[in-house]
Structures are given as structure tokens and as C-alpha cells.
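K.L.:
Sequence below, structure please.
(chains A and B)
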Amino acid sequence: MENNAEIVTIYVMGKKHNVPGDLTIMKAMEYAGHQFTRGAGCRGGYCGACATLYRKKGSYKLEGALACQKIVEDGMYIAQIPFNPAEKTTYSLDELRPDANTILEYYPELSRCLACNTCTKACPQDIMVMDYVQASLRGDIEQAAKLSFDCISCGLCAVRCPAEIVPYNVGQLARRLYARYVDGPSQHVLDRVKEVEEGKFDEGIKELKNMDKAALQERYETREKILE
Amino acid sequence: MTRLAYYPGCTLKTNAKNFEDSTIATAEKLGIELVEPERWNCCGTVHSLSTDDVMHHLAPIRNLLRVEELSNAGEVDSKQVVTLCAMCYNTLKRSNMVFNEDSDRKKKIRDNMYKEDIEYSGNVEVLHHLEVLREMGWDKVKEAVANPLNGLKVAPYYGCLLLRPRGIGVDDTDDPTIMEDMLEALGAETVGFAYSQKCCGSYNAVHMKEVVADLAHKILKQAEEAGADMLVTACPLCEYNLGPRQSEVEKRYPVFKSIPVVYFTQLMALAFSLGEEAAAFTGNKPDPRPLLRDKGLLEE
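P.N.:
As a prediction, this is how the structure comes out:
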């Protein structure tokens, strides 16, 4: 395929590559010959797998982005963060209480927050990360859940936090507590689970399972009509 | 109504909800609307005493920046912020002083204040609620009293963070009267005792419970021997160490007699006759209500 974009120079883990300037970091790396076995997922900015740190030429700032969303710039130094060895505790949601002490019990380092806002600065989703960390710290579970709602757990906040907090896991715990104890359970989910258990969809599933590929594709492509 | 910025701090939203509830209700009665910033973070908890500590000032100064935003938006009537927790008061006020007096650290704090729309000017004034009331005048407080606390003997307990260091405290470091003036305006009789400014044990509550129990025992016993019916405090950590932790004191000192510990705003709510919800005595341990009923100050 022809690409008339201006060629820019990027450095992937220190190695220089010339790539078209209209590509995302992910596509530029593939253009340069890299093959992703980790650190790539939905390619649509939703899954959080492709956390990337970069620095622009002449800048002291270490910045973060999702490789599938960020367009390359000339002189960009890039390093992937395909995995973050962060603390993730296990808990039984049914045995918890929706308060600050619960979150502190599982993530005690939360109290080390300095309110420096580095996490917010690092977030590619423009979430007010520090604000939800602080809301968790004071037991405002609703605020913590709502502010962290768009989090995709890419891990950049945790990588940058000087207090070594793992905000995205804290946010996840807050959202779980909020759903379990504050907001939920939702009636429509309970109704649907009941319908599933009563076998309402068994026939439909059976029918789909027995279809050949062409019929299944036909059904998929005409799904809106069926819904109507 | 005067609209005054109010910085709560985490404890006022959790363990010290009774402090917040009683304050908001009594302030309203006195014509003050407390306006909480939409965003706020931890006060910083403890003022840092080391010199290379810019990071520790980010939390307190960021809160003052929020107050300035509130003021710039015209949502409050002054660049003042009131606090209830003595720890928040002390930390915010001392960081503010560092910011204004040390140009080197001021610059560093500003350089590291990420993701903010404005720069903090240094012009916010940090107040404790007791100072707001004193400024308003004890006569005004007196006018609002509908149920004078006659016959109630209270021991004002200052602890350390309200008074020290000199220049930060709400009153004279050695001879404070602000709590006495407040409580006497409500009609109560104040009882002086030697340990009214002694430390409650602070965060030793976390890992050295016996230190707190010993200090609490000394303080409470002194107050009781001086004839006090209850202890009055303006700090959630003091309240916690001297109130609910009396269970630890009882374990170590079997002859110890428990004594209620309340926030000054709770007695204000009682004296203003604002009802049980505003006084919020259900949040106190030991329960002060039997005593207050005995004194005829609270209905059965």
C-alpha cells in the first residue's frame, strides 16, 4: 500500500527506525519489523494492553500513551510496558465492607499518596487518578468508583507513582465495592440471570451451535432485522 | 449567610462525622454556610520537619489552591478556609507559611504542582473553626443559646496541634482561653486541669496502644479529679484516643472510671437546641447522653 506521509525517525528501545509519520506507535513498530506477542490487544484504545512510555526529542518529560492510539512524532523515544509487576491482592467481595479501611487493608500503600498528581499526568484516558485515589483514602467509594470508571488498567499510573501505589487496582476494588454494596445489584441483571437459569435461551443457543458457518454469518449480518 | 470555604479532611467524613454534622448545623445557625470544594485531597497528615521535603507540601498547598479556585469562582466570600481537624489545621497552615516565607521552596512546590489550571498565590488564610467563632464574637454565640448548659462542668482539652508551634496556634501557647470562652458562652462551667495541653499520644494509637492508654489515663483522671463531668476537644485524633480508646485504659487500669469526651460543636448544637441529629451524640464512646439527661440538658 502506498503511503505518502512524511517519514519520521523514531527510536524503539534505543534502535533507530524511519517510519511514515501518520502511523500510531503500534503500527509504526510493526512497520519497522516488530511483531507483538504481548502488549497489544484490541487496537482500539479499550483494552489497556499497549501501555507505552515515550520521550520527545529535546524534552525532559517522560510521557505515557497507548501505542494503538498515539501517532508517532519525529525524534520519539519509545519503550513498551507490556506487563506491570504490580501488587494485586485477592479478596472475597462478599466479606468486605465498602469503606476506607477495607481498601487500606488490601492496599495499605494508599496512605503514602502525596497528592503530587503524577498519576493523573500519566493517564492516557484523562482520568483524574489522584482524585479517585484520594476519594478511596477517605472512604468515598461512590466518588472513587465514578471517577475511575473509564480506567482500562493500562498500568501507567502505577509505573509513575512515587509512592508506589497501584491506582488501577484500587479503583477496581472501589468499583466492585460500589457495585456490590452501594449501587447494586441491578434488577435487570437479576431478571436476566433468572431467565438464563430458567432456560429461556437454551433453545436459541442450541440452534446457533448447530448452524454451519455460512448460516451463522448470515444470521450475524442480519441481526438488526431480527431484533426489529 | 456568609459563605466560607470548608476543608473537611478524611476523618471528618469517617470517624468524626459527628464533629462535621454538629459543626455544619451550628455554623448555619450562626449565619455561616460552609462550602466544601468539589475536589480535595489529604491534608498531608503531618507537617514535614525536614528541609528537602517539597513533595510533602504538594498535598496541603494543592488544597489551598482548590480554595483559591473556589474563591476565584465567586462561590465563597473570602480567601479564608476553615478546618475542624487540628491535624489538618496545623498541616495546612504550616505549609502555607513555608510557601510564603521560603521563595526557594515556593518555586519548587509550584514546579511540581502537576495538572493545575492556576498557580497558588499564597493568599489563602487557614483558620480553625474556633477562630472563626472568636472573630464573630462570643456574644453572637451567646445569643444563639436556647438551652444554656448550666450546671455542666467541662474540661477543655487542647492537646498539642491547636496551640503549637507558636505562631501557628489558635491562641496563646501557654495560657489559652479560646475553648473556655467558647464553652462559657454556652453557659457551661469550665474546669482547669494540668494536662489540658498534654499530647494524647497521637498516632501511637496504631502500634503502641499502651503509650496512648497511659497518656489517656493521666489526662482523663486529672480532668475527673478536677471535677469535670466531661472532656471537650476540637481534634478527631484526640477524641479517638481519649474517647473510644478508654476500653484500653480500662484494661490497664481496672479502677479507672470512664468519662465522656465530646466535640465543642456538639455542645454548641445542644445549647442551640438544634436536636439530636445535629448534636450527633450517637457517634461518641462513652455515650455522653445519660449524663446530659441527668443534668436536665437533654430530654429523655
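
K.L.:
Next one, pLDDT for the closest residue to chain A within the stretch 51-200 of chain B please.
P.N.:
Closest residue of the stretch 51-200 of chain B to chain A, Cβ to the nearest Cβ: residue B:59 (3.6 Å). The way it works is simple: take the backbone N, C-alpha and C, and place the C-beta from them, glycine included. pLDDT for residue B:59: 96.

K.L.:
Equivalent analysis for the one 5 residues further on, please.
P.N.:
Reading off the per-residue confidence, residue B:64 sits at a pLDDT of 98.

K.L.:
buried sites along the helix or strand where it lies?
P.N.:
With elements taken from DSSP states H and E, the one containing residue B:64 is helix B:54-72. For helix B:54-72, the neighbour count (16 or more other Cβ atoms under 10 Å in any protein chain shown) marks B:54-71 as buried.

K.L.:
Burial check on residue A:91, number of neighbours?
P.N.:
For residue A:91, the neighbour count with other Cβ atoms under 10 Å in any protein chain shown is 13.

K.L.:
let me fix that: residue B:235
P.N.:
29.

K.L.:
Let's see the pLDDT reported for it.
P.N.:
pLDDT at residue B:235 comes out at 95.

K.L.:
So what does it have for phi and psi?
P.N.:
phi -140, psi 130 (degrees, to the nearest 10).

K.L.:
Next one: it from residue B:60, what distance?
P.N.:
17 Å (Cβ to Cβ, to the nearest Å).

K.L.:
Same check on residue A:26?
P.N.:
On the measure of Cβ to Cβ, residue A:26 and residue B:60 end up 41 Å apart.

K.L.:
Quick one: low-confidence residue ranges for chain A.
P.N.:
Applying pLDDT under 70 to chain A picks out residues A:1-3, A:225-228.

K.L.:
need the contact list for the residue nearest the centre of it.
P.N.:
Centroid-nearest residue in chain A, with Cα atoms, centre = their mean: residue A:152, separated by 1.7 Å. By Cβ atoms under 8 Å, 6 or more residues apart in numbering or on different chains, residue A:152 lies in contact with A:45-48, A:125.

K.L.:
Identify the farthest-apart pair in the residues you listed.
P.N.:
Spatially, the most separated pair among those is A:47 and A:125, at 12.1 Å (Cβ to Cβ).

K.L.:
And chain A, what are its domain boundaries?
P.N.:
A:7-80, A:93-183, A:198-227 (automatic domain parsing).

K.L.:
what residues does chain B put near chain A?
P.N.:
B:10, B:13-14, B:39-42, B:44, B:55-56, B:58-59, B:62, B:112-116 (Cβ under 8 Å from any Cβ of the partner chain).

K.L.:
Among the residues you listed, name the ones in strands.
P.N.:
Among the residues of chain B next to chain A, no member falls in strands (DSSP state E).

K.L.:
Please type out the ChimeraX selection for whichever of these turn out to be buried.
P.N.:
This is the ChimeraX syntax for the buried subset of the residues of chain B next to chain A, where burial follows 16+ other Cβ under 10 Å:
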select /B:10,13,14,39,40,41,42,44,55,56,58,59,62,112,113,115
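
K.L.:
among the residues of chain B next to chain A, which are in helices?
P.N.:
When DSSP state H defines the helices, the subset of those inside them is B:10, B:13, B:55-56, B:58-59, B:62.

K.L.:
So which residues of chain A form helices?
P.N.:
Using DSSP H, helices in chain A cover A:25-31, A:100-106, A:118-122, A:129-137, A:141-147, A:156-160, A:167-177, A:187-197, A:202-209, A:213-221, A:223-227.

K.L.:
what would the ones you listed look like in TSV with mean neighbour count and distance to residue A:78?
P.N.:
Converted to TSV, the helices of chain A look like this (neighbours: other Cβ atoms under 10 Å in any protein chain shown; distance: least, Cβ to Cβ, whole Å):
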stretch	mean neighbour count	distance to residue A:78
helix A:25-31	21	6
helix A:100-106	17	34
helix A:118-122	22	15
helix A:129-137	27	22
helix A:141-147	22	29
helix A:156-160	24	14
helix A:167-177	24	22
helix A:187-197	10	41
helix A:202-209	10	43
helix A:213-221	11	38
helix A:223-227	8	40
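
K.L.:
Quick one: these as JSON lines, columns for distance to residue B:282 too.
P.N.:
JSON lines is the format used below for those (distance: least, Cβ to Cβ, whole Å):
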{"stretch": "helix A:25-31", "distance to residue B:282": "57"}
{"stretch": "helix A:100-106", "distance to residue B:282": "20"}
{"stretch": "helix A:118-122", "distance to residue B:282": "37"}
{"stretch": "helix A:129-137", "distance to residue B:282": "25"}
{"stretch": "helix A:141-147", "distance to residue B:282": "22"}
{"stretch": "helix A:156-160", "distance to residue B:282": "39"}
{"stretch": "helix A:167-177", "distance to residue B:282": "24"}
{"stretch": "helix A:187-197", "distance to residue B:282": "33"}
{"stretch": "helix A:202-209", "distance to residue B:282": "52"}
{"stretch": "helix A:213-221", "distance to residue B:282": "59"}
{"stretch": "helix A:223-227", "distance to residue B:282": "53"}
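
K.L.:
Any residues of chain A in contact with chain B? List them.
P.N.:
Residues of chain A lying near chain B (Cβ under 8 Å from any Cβ): A:99-100, A:113-118, A:120-121, A:128, A:130-131, A:134, A:137-140, A:162.

K.L.:
Apply 7 Å and report the result again.
P.N.:
A:100, A:113-118, A:120-121, A:130-131, A:134, A:137-140 (Cβ under 7 Å from any Cβ of the partner chain).

K.L.:
Could you count how many residues lie near residue B:163?
P.N.:
Using other Cβ under 10 Å, residue B:163 has 22 other residues around it.

K.L.:
circling back: quick one: closest of the domains of chain A to residue B:79.
P.N.:
domain A:93-183 (20.5 Å).

K.L.:
Now do that closest one: distance to the chain's middle.
P.N.:
With Cα atoms, centre = their mean, to the nearest Å as the basis, domain A:93-183 stands 14 Å off its chain's centre.

K.L.:
next one: stretch A:56-74
P.N.:
Distance of stretch A:56-74 from the chain centroid (Cα atoms, centre = their mean) equals 18 Å.

K.L.:
hang on, the earlier thing: tell me the helices and strands packed up against the helix holding residue B:64.
P.N.:
strand B:2-7, helix B:86-101, helix B:103-111 (3 or more Cβ pairs under 7 Å, 6 or more residues apart in numbering or on different chains; DSSP states H and E).

K.L.:
Any chance you could list what contacts that helix?
P.N.:
A:114-116, B:5, B:7, B:35, B:37, B:39-44, B:48, B:76, B:79, B:81, B:91-92, B:95-96, B:98-99, B:105, B:108-109, B:112-113, B:116, B:118, B:120-121, B:124 (Cβ atoms under 7 Å, 6 or more residues apart in numbering or on different chains).

K.L.:
doesn't residue B:161 make contact with residue B:199?
P.N.:
No: under the criterion of Cβ atoms under 7 Å, residue B:199 makes no contact with residue B:161, lying 9.1 Å away.

K.L.:
Compare neighbour counts for these two and give me the winner.
P.N.:
Remark: of residue B:199 and residue B:161, residue B:161 carries more neighbours, 29 against 17, as counted by other Cβ under 10 Å.

K.L.:
which element is that one on?
P.N.:
Counting by DSSP H and E, no helix or strand carries residue B:161.

K.L.:
Number of residues surrounding residue A:200?
P.N.:
By other Cβ under 10 Å, the residues close to residue A:200 number 11.

K.L.:
same question, residue B:218
P.N.:
14.

K.L.:
After the one helix or strand it maps to, which helix or strand is next? Please name it.
P.N.:
Using DSSP H and E, residue B:218 sits in helix B:209-225. Once the chain leaves helix B:209-225, the next helix or strand it forms, by DSSP H and E, is strand B:230-233.

K.L.:
buried set for that following strand?
P.N.:
Neighbour counts over strand B:230-233 (16+ other Cβ under 10 Å) mark B:230-233 as buried.

K.L.:
One more: stretch A:175-184?
P.N.:
A:175-179, A:181.
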